[in-house]
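**Student:** Predicted model and sequence follow; I will ask about them next.
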Amino acid sequence: MNGREKEEYLREYEQLKKKGKAFFPYAIMKDSVMFVLVAAVLVFMSLLMGAEQGPKADPTTTTYVPRPDWFFFFLFELLRVIKPPELTPLATVGIPTICMVLLLLLPFYDRGPERIPWKRPVASSAGVLVIIAMAYLTYLGAVAGDPAEIAEATEPQYEVGKQITAQSGCLACHAIGKSGVHGGLGPDLTEIGTMLPRAAIKRSVAVGPGIMPGYADLGEKDLNAVADYLASLD
Amino acid sequence: MKLPLPTRKSSSGNGNGNGNGSVETTEETGPSKAEKRANAKRAVVHHSAKGGTDVAGWVDTRVNGSGIYTAMLTRKVPKGTNWFYTLGSATMFIFAMQAITGVFLSMYYTPSATQAYASITHMTNDVFMGEFVRGLHKWGASLMIILIFLHMARTFFFGAYKYPRELNWVIGVVLIVLTMVMGLTGYLLPFDQRSYWATIVANNITASGPVVGPYLADFLRAGPDFSGTTLSRFYALHMMVVPGLMAALIGAHLFLVVKLGTTAPPWVKAARPKGARPVEMVPAGVPSSDDGEVPFNGNGSATNGSAPTNGSAPVVADEPAEAPEPESPEQGTEGEVNS
């Protein structure tokens, strides 16, 4: 906007304001109706769904699958969309940071005088696309299957390891066959036995390379069972 | 307000005739004096800068608040203001709800790794309406996220972030980030499996960031490992640091809203009076040349514009009509502190 356009806007705005209504009581009235509505929805949600309490936090057993609150699903799912491990930092920090900076500085690079949404095709379609992308990622996060079950059959001697693997939440980030998350935070484990020796698998599970948490707390016995099971996958 | 001219006339007449002690005049003097006082008082309340004898007036003389109050309430919202414009205040309403329910939750919560879970169980099961208040706080967080994003979408699609409201957009984006930080820090506090492991992952993600990532993660964890201190650190952030920042920024956000005014929907146009426009529009090349900055004087008119007719104009215009005349001695003793 150049000086002339700015002045024109201010003049137009002054006219609109003159023709408007007083904040009190008109705008206050609308706001109050909205308050009542919001409060009613909130009370209704609280009464209907309450606030359930999960099992107590226990750092030694990892039977719970990390899952953020729903409004972080889009960030969480972003990690699954970007597959190569070396690009993970881009998904975790890079893209959200770039988006935040773009959002923050919006008025400084979008300086055109036009305000009507259908006359700003670039801005409006970018906005709609972002909303669709966020909604889609949130939806993906909401329907992600229960990561505590592995459907794939295994030989009986690996059954214990399979149970521990499933219960430890590995499938929140990894895939094994058709179970778990495909293209998730961590690599696909379907054929991990052909890629890594058993000792390396065990070490990885215990230490947790990269952003993966370590599972040394499982104990030697369970770690061995998990390593045996994973090494059998081919 | 109506003009108190007749009263004044009769009262001044009575004042002169009072020394004669005639019955009718004294009878007349009583009501007229009272009326005068009432008028003076009303005037004092309205023009608080001059002082007053009542409590509201006393306070107002010292803080000069009624000017702000009148400016906020009598300001006009532009033509076309619709329900989309309630999203911002609704978000603030939820913030206030979160603050209130949060205070009550903090009365029963113990921010220690060993006792946090038990204190949540206690407040959910034993405390009167405990689960209800927890529910309000928990679902209030979700509602606040929804409302603040809707509010941002409205601002975006209406082009309301453009001149002269750029700064308020920036404050708003920071408020969204802080709201998300509230969601993240609050998620750990119930200290159940879900919140514990989600926070571990969130921390590992933070640590994967470039340059400052590992340091930020260490700061959040209060050390290289997740511990009891992590919980109390999240508690302090969730209880004091972030809400304090948010309250301050909401204040700044509101200040700018009142000062700059809310936008009208972009497709609503003021029908212009013919002829008034082209002549005044471009003032012979004064500011429009360089950076194109037009100072905003808070009334929705350019500084080099015409007469100051704006939202607060009627109040100013009333003043001379209502002002009590300081000529009579009774008026002078009425508590008028002329400064």
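**Tutor:** Perfect, I can see it now.
**Student:** For the stretch 201-339 of chain B, just list every one of the strands.
**Tutor:** The residue ranges that make up strands in the stretch 201-339 of chain B, judged by DSSP state E, counting those that start in this stretch, are empty, as it has none.
**Student:** got any ranges where it has weak pLDDT?
**Tutor:** B:272-293, B:296-339 (pLDDT under 70).
**Student:** try 50
**Tutor:** Judged by pLDDT under 50, the stretch 201-339 of chain B has its weakly predicted residues at B:275-290, B:300-339.
**Student:** which residues of it fall in helices?
**Tutor:** Along the stretch 201-339 of chain B, the segments classed as helices by DSSP state H, counting those that start in this stretch run B:213-221, B:228-236, B:242-260, B:276-281, B:313-322, B:329-332.
**Student:** Return the residues in contact with B:T155.
**Tutor:** B:161, B:169, B:172 (CB atoms under 8 Å, 6 or more residues apart in numbering or on different chains). Every C-beta, even on glycine, is put in place using the N, C-alpha and C of the backbone.
**Student:** in the host helix or strand of it, what counts as buried?
**Tutor:** Per DSSP states H and E, B:T155 falls inside helix B:130-157. Neighbour counts using 16 or more other CB atoms under 10 Å in any protein chain shown place B:130-149, B:151-157 of helix B:130-157 among the buried residues.
**Student:** Likewise for stretch B:214-225?
**Tutor:** Within stretch B:214-225, the residues scored as buried using 16+ other CB under 10 Å are B:217, B:220-222.
**Student:** Past the helix holding B:T155, which element shows up next along the chain?
**Tutor:** Taking DSSP H and E as the definition, the helix or strand that follows helix B:130-157 towards the C-terminus is helix B:166-188.
**Student:** Let's test this: mean pLDDT of that following helix, rounded?
**Tutor:** When the per-residue pLDDT values of helix B:166-188 are averaged, the result is 96.
**Student:** Does anything pack onto it? Which helices or strands?
**Tutor:** In this structure, helix B:166-188 makes packing contacts with helix A:95-104, helix A:106-109, helix B:130-157, helix B:193-207, helix B:228-236, helix B:242-260, judged by 3 or more CB pairs under 8 Å, 6 or more residues apart in numbering or on different chains; DSSP states H and E.
**Student:** Export the ones you listed as a markdown table, with columns for distance to B:W58.
**Tutor:** Compiled in a markdown table, these are given as follows (distance: least, CB to CB, whole Å):
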| stretch | distance to B:W58 |
| --- | --- |
| helix A:95-104 | 45 |
| helix A:106-109 | 44 |
| helix B:130-157 | 39 |
| helix B:193-207 | 51 |
| helix B:228-236 | 40 |
| helix B:242-260 | 25 |
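**Student:** Which of these sits closest to A:S179?
**Tutor:** With respect to A:S179, and counting by CB to CB, the nearest of these is helix B:193-207 at 19.2 Å.
**Student:** how does the chain divide into domains?
**Tutor:** In the absence of a named chain, this looks at chain A. Structural domains assigned to chain A are A:1-52, A:156-232, following automatic domain parsing.
**Student:** that's the wrong chain, I wanted chain B
**Tutor:** According to automatic domain parsing, the ranges for chain B are B:45-74, B:83-260.
**Student:** which of those is buried the deepest?
**Tutor:** When you average the neighbours per residue for each of the domains of chain B (mean count of other CB atoms under 10 Å in any protein chain shown), domain B:83-260 leads with a mean of 18.
**Student:** gap between the two ends of that domain?
**Tutor:** End-to-end distance of domain B:83-260 (CA to CA, to the nearest Å): 19 Å.
**Student:** swap in stretch A:90-100?
**Tutor:** Counting by CA to CA, the length from the leading to the trailing residue of stretch A:90-100 is 14 Å.
**Student:** And for stretch A:18-30?
**Tutor:** With CA to CA as the measure, stretch A:18-30 spans 19 Å from end to end.
**Student:** Let me see the mean pLDDT of it.
**Tutor:** pLDDT averaged over stretch A:18-30 gives 89.
**Student:** can you count the residues close to A:A51?
**Tutor:** Residues near A:A51, counting by other CB atoms under 10 Å in any protein chain shown, number 19.
**Student:** quick revisit: wait, which of the helices and strands packed on helix B:166-188 is closest to B:M107?
**Tutor:** When the helices and strands packed on helix B:166-188 are ranked by proximity to B:M107 (CB to CB), helix B:130-157 comes first, at 10.0 Å.
**Student:** Report the angle between that closest one and helix A:95-104.
**Tutor:** Between the axis of helix B:130-157 and that of helix A:95-104 there is an angle of 60 degrees, by axes from the mean of the first three to the mean of the last three CA atoms, to 10 degrees.
**Student:** re earlier: make JSON lines from the domains of chain A and add distance to B:W83 to it.
**Tutor:** Putting those into JSON lines (distance: least, CB to CB, whole Å) gives the following:
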{"stretch": "domain A:1-52", "distance to B:W83": "6"}
{"stretch": "domain A:156-232", "distance to B:W83": "40"}
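**Student:** how about a markdown table for those domains, with distance to chain B added?
**Tutor:** Below are the domains of chain A laid out as a markdown table (distance: least, CB to the nearest CB, whole Å):
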| stretch | distance to chain B |
| --- | --- |
| domain A:1-52 | 3 |
| domain A:156-232 | 4 |
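**Student:** weakest of those in terms of mean pLDDT?
**Tutor:** Taking the average pLDDT of each of the domains of chain A, the minimum falls on domain A:156-232, with a mean of 83.
**Student:** And the domains of chain A: which comes nearest B:N125?
**Tutor:** Across these, B:N125 has its closest neighbour in domain A:1-52 (11.2 Å, CB to CB).
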